[in-house]
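Student: my questions concern the predicted model and sequence given below.
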Amino acid sequence: QLQVVESGGALVQPGGSLRLSCAASGFILNYYAVGWFRQAPGKEREGVSCISPSDGSTYYYADSVKGRFTISRDNAKNTVYLQMNSLKPEDTAVYYCVAYDTYTSGTCIVRGYDFWGQGTQVTVSS
């Protein structure tokens, strides 16, 4: 079965850190761009960060997370990570991972064949 599965979501205090993982099964994630999107209650889904296929040499970050979040890929583990530091209450959302085969450099525009995960909840609250 071809799928991506997110993990790592949790309840964390403001200023804390989390690392989300997006693990692929049934296909080689190296060949795909990977993005992290999030959706808060009552809001539209937004692109948080996306990374290019293969060496991950190009990426995109939303302005709201620049300097706090870092996306990376470990092709040996068929996994992409989102390191989230200095978390704020407004980062609270369900975070989704997507793997897609048509990448536009420096953007989070998802095109072509894609696989979406089921999401992982991140809650930032004291």
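Tutor: Perfect, I can see it now.
Student: rest of the way, CA atoms for contacts and neighbours
Tutor: Noted.
Student: list the contacts of the residue nearest to residue 28 when sequence neighbours are not counted.
Tutor: Leaving aside its sequence neighbours, residue 28 sits nearest to residue 78 (CA to CA, 6 or more residues apart in numbering; 6.6 Å). Residues near residue 78 by CA atoms under 8 Å, 6 or more residues apart in numbering: 23-25, 28-30.
Student: residue 36 now?
Tutor: Contacts of residue 36 by CA under 8 Å, 6+ apart are 47-50, 82, 95-98.
Student: quick check: the residue nearest to residue 28 vs residue 126, distance?
Tutor: 34 Å (CA to CA, to the nearest Å).
Student: show only the entries of the contacts of residue 36 found in strands.
Tutor: The members of these that map onto strands under DSSP state E are 47-50, 82, 95-98.
Student: so where do the strands sit in this protein?
Tutor: 3-7, 11-12, 18-25, 33-39, 46-51, 59-61, 69-74, 79-84, 93-102, 111-116, 120-124.
Student: can I get those in CSV including mean pLDDT?
Tutor: Formatted as CSV, these follow (pLDDT from 0 to 100):
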stretch, mean pLDDT
strand 3-7, 96
strand 11-12, 98
strand 18-25, 97
strand 33-39, 98
strand 46-51, 97
strand 59-61, 95
strand 69-74, 97
strand 79-84, 98
strand 93-102, 97
strand 111-116, 94
strand 120-124, 98
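Student: need the residue closest to the centroid of this protein.
Tutor: residue 36 (2.3 Å; CA atoms, centre = their mean).
Student: ok, for it, nearest residue in space, not its chain neighbours?
Tutor: Nearest one to residue 36, counting by CA to CA, 6+ apart, is residue 97 at 4.7 Å.
Student: for that neighbour, which residues are in contact?
Tutor: So, once contact is read as CA under 8 Å, 6+ apart, residue 97 ends up touching 4-6, 22, 34-37, 116-117, 119.
Student: could you do residue 48 as well?
Tutor: Shown in contact with residue 48 (CA under 8 Å, 6+ apart): 35-38, 60-62, 65, 108.
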